[in-house]
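Engineer: Just to be clear, the model below is a prediction. Sequence and coordinates:
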Amino acid sequence: MSAIRARPGVLPLVKIVQSFSDFASSLSGSSPDDLTSLTLPGILSNLLRIIRSKHPTLGKAIAAVAPFVVGYYAWLRFISDYGVLKPVMERLRSLMVARIIVPSTHKLNRIVKKWMVSQGMKANASSLTLRTLDRFQELEQYQDSQAGRNASETKRKELLECEPDAGTYTFRFDGHRLTFDVRYSTEETVGGNGVIQHIARDNEPMQITISCFTFTGGMKFLQEFLEQVEAEHAASQRNRTTVYRPALDDERPPWGDGLSRPKRKIDSVTLASDRKLPLIQDVTSYLSDEIAILYANLGVPLRRGYLLHGPPGTGKSSFSTALAGHFDLDVYVVTLTTPGLDDKALSALFDALPDRCVVLLEDIDSAGIQRETMRSTPKKTTKKAKRDAKNKRNKRDRDDDAGEREPGCITLSGLLNTIDGPCSKDGRILIMTSNTPDSLDPALVRPGRIDMKTYFGNASTEVLIDMFKHVFTKSPSEPARSDAAQEDLVINDMANHFAADIPSEALSPAEIQGYLMIHRNDPAAAVENAAGWAAQLIETKARGANVSAANESFRAPARDVLPNREDNEQAGSSDIESEDGGEDENDSPPSPPSSCSSSVSNGSDRAHYEEDEWRGHEDRAHCERNE
Ligand SMILES: Nc1ncnc2c1ncn2[C@@H]1O[C@H](COP(=O)(O)OP(=O)(O)OP(=O)(O)O)[C@@H](O)[C@H]1O
């Protein structure tokens, strides 16, 4: 073999390569018997023989170390395979390493991941997963940017919300070193040899195993860690309301991750005071400690139900979230027509509720739950919903033939059992909203399930004045002006004129809000155009025509990309999103980059209720107690 010139440092390497080369050439011409040595031990012993002959010292060194390596390996196999020392090792480990698993389905999972990112992972981690922001977070960030920072910079930088990718990460917390093992959720399968295997499911949510070395504390430290992270998260949500919707996905928490958004002020939902105050007072009393003690002493389950009924766009959903925010509660929204939601899933959702919260059963009548059929029939209007409904009908017909009950439907008995079943949580506030309360089964709204009914009607003169003032009066967060008192007087005067030009109880607050938002920078134009706009809208609605075009003539030129005051933003944003994740038709939330898209077509497009039917309701007592 030709000599290889190399620097001294690489000489041993060159020699080993030469040994391999010699070994390979020794194989050529081997007898079939020699080929049996082509097993791993054979190759190794051949290799050792060659190394010994070429480099006796290296060969001796390897021969001296080899027994220890083999012995250590055998010891490890002995421990792991035959389990003699396994329990001892496990015990030792459990004494010294505390470990807690946060499953992907637990609500703390997302919070812990957020904490990890907040600890500087963004800068240091080699792999992160981008998370999509919801539109409220985007709006918030946009508003932050308007408050001084460079808008495009803020958007570019902060919209990149990340989550840790699968891997092992360490952080220090309170002097302890915590290890976070983030793994894809695994699926348990039994292999051919009967061994249970855990196969990772790609792109599935990830569970986190948190561990830390501890001599004495056991789980205490990890529990304290989780409590602190949860408390920090709760503090960051203090001025926010989180709205949860069913996830209907085995790998996520039953209520999904929730959408956190700025609290809606209860004042931003305009409602006659004789309807609003009793509701707030009732909830205040229900949430008080005295009532909790009283109910406990009497052995009565602490639950309260409210029915908010009235035409679309009158603020039932908005008031529910504002009420939740007022009492620092989160909202759990269920639309009974959600595909895949059946009695079992509904019961699981109610089981997973926290003790104090608002549960909103939206548009309960649209689920079509009737005693006779004991099943709900979706009445949705989107193309997809129609397709779903048709498929469901076909399936139901097939199932009926087979004598089975259709899955994915809520039955009346299922709903009643869930609402006040044994697992129902104490301290929850149940709010049902309905456009046609008379169609509801009496069992659903009997006292004990529904304790108070409140009618939400079209905008009365009082509501018209309040809504006008709410949109045009300067918010306290705006800089005070010397002529502020004078300006307030002018706005009050304009509000009276505005209300005088619109027939009382003829249009929904959503329609009024849409109109006011169009004129948000020009109160004088809002007053000037009001009579013509209202007359045209009422006439168009009476014909049953689409009112969008009619409203265009009353559209003021858009000047700002965002409403210029915080209350406007609140007034303009609906609190509950429509089921398909799109915006509610009545919503006209200001979106950061585009001009105001408020349209007064909203309420009337949805005017599927009979106006005459509601005339009767207006004469009723506004708040009926069901006690
Ligand atoms: N009384 C009100 N005061 C202020 N804004 C209102 C009021 N009623 C409705 N709105 C506005 O109209 C939009 C739709 O309101 P919301 O969804 O609460 O009505 P709803 O009565 O629940 O309608 P539906 O019966 O169709 O579910 C929201 O943007 C909300 O801000």
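Structural biologist: Arrived safely.
Engineer: For the residue in the chain that the ligand sits nearest to, which non-adjacent residue is closest in space?
Structural biologist: Of all residues in the chain, Gly315 sits closest to the ligand, at 2.8 Å by CB to the nearest ligand atom. Yep, even glycine has a C-beta here, placed from its N, CA and C like the rest. Nearest non-adjacent residue to Gly315, counting by CB to CB, 6 or more residues apart in numbering: Val269, 4.8 Å away.
Engineer: Show the pLDDT at the one you found.
Structural biologist: pLDDT recorded at Val269 is 91.
Engineer: Phi first, then psi, for it.
Structural biologist: The phi and psi values for Val269, taken as degrees, to the nearest 10, are phi -100, psi 110.
Engineer: Now for it: which residues touch it?
Structural biologist: Lys276, Gly315, Ser318, Phe319, Ala322 (CB atoms under 8 Å, 6 or more residues apart in numbering).
Engineer: Could you export those as CSV, including neighbour count and pLDDT?
Structural biologist: Below are the contacts of Val269 laid out as CSV (neighbours: other CB atoms under 10 Å; pLDDT from 0 to 100):
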residue, neighbour count, pLDDT
Lys276, 22, 91
Gly315, 27, 93
Ser318, 29, 93
Phe319, 28, 95
Ala322, 24, 94
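Engineer: For Thr314, what are phi and psi?
Structural biologist: Here is the backbone geometry of Thr314 (degrees, to the nearest 10): phi -110, psi 0.
Engineer: hang on, it packs against Gln513?
Structural biologist: No: Thr314 lies out of contact with Gln513 (CB atoms under 8 Å); the separation is 10.8 Å.
Engineer: Can you list the helices and strands that the top helix by length along the chain packs against?
Structural biologist: What stands out as the longest helix in the chain, according to DSSP state H, is helix 56-82. In terms of contacts (3 or more CB pairs under 8 Å, 6 or more residues apart in numbering; DSSP states H and E), helix 56-82 is packed against helix 40-54, helix 86-96.
Engineer: Who are the packing partners of the first one?
Structural biologist: In other words, helix 40-54. For helix 40-54, the elements it packs on are helix 11-27, helix 56-82, judged by 3+ CB pairs under 8 Å, 6+ apart.
Engineer: Next, Leu537: secondary structure please.
Structural biologist: Classification of Leu537 by DSSP: H, G, I helix; E, B strand; the rest coil places it in helix.
Engineer: Find the nearest non-adjacent residue to Gly59, please.
Structural biologist: Of all residues not flanking Gly59 in the chain, Arg52 sits nearest, at 3.3 Å (CB to CB, 6+ apart).
Engineer: What residues does the stretch 151-300 of the chain have near the ligand?
Structural biologist: By CB under 6 Å from any ligand atom, the residues of the stretch 151-300 of the chain that approach the ligand are Val269, Thr270, Leu271.
Engineer: Also the stretch 401-550 of the chain?
Structural biologist: Thr433, Asn435, Phe456, Pro509, Ala510, Gln513.
Engineer: what number of residues lie near the closest residue to Arg238 other than its chain neighbours?
Structural biologist: Leaving aside its chain neighbours, Arg238 sits nearest to Asp328 (7.8 Å; criterion: CB to CB, 6+ apart). When neighbours are counted by other CB atoms under 10 Å, Asp328 registers 14.
Engineer: With Leu178 instead?
Structural biologist: Leu178 - counted by other CB under 10 Å - has 20 other residues nearby.
Engineer: before we move on, back to that, go ahead and confirm the residue of the chain closest to the ligand touches Phe456.
Structural biologist: Yes: at 5.6 Å, Gly315 counts as touching Phe456 under the criterion of CB under 8 Å.
Engineer: What residues sit buried inside the helix or strand Leu178 falls within?
Structural biologist: Using DSSP states H and E, Leu178 sits in strand 176-184. Buried positions in strand 176-184, judged by neighbour count with 16 or more other CB atoms under 10 Å: His176, Leu178, Phe180, Asp181, Val182, Arg183, Tyr184.
Engineer: likewise stretch 225-236?
Structural biologist: By neighbour count with 16+ other CB under 10 Å, stretch 225-236 contains the buried residues Phe225, Leu226, Val229, His233.
Engineer: From those, which land in helices?
Structural biologist: Within these, residues falling in helices by DSSP H are Phe225, Leu226, Val229, His233.
Engineer: Leaving out chain neighbours, which residue sits closest to the third one?
Structural biologist: Same thing as Val229. Trp115 (4.9 Å).
Engineer: Then the second one?
Structural biologist: Spatially, and ignoring its direct neighbours in sequence, Leu226 is nearest to Leu108 (6.1 Å; CB to CB, 6+ apart).
Engineer: got a list of what that neighbour touches?
Structural biologist: Leu108 sits next to Val102, Leu226, Val229, Glu230 when contact means CB under 8 Å, 6+ apart.
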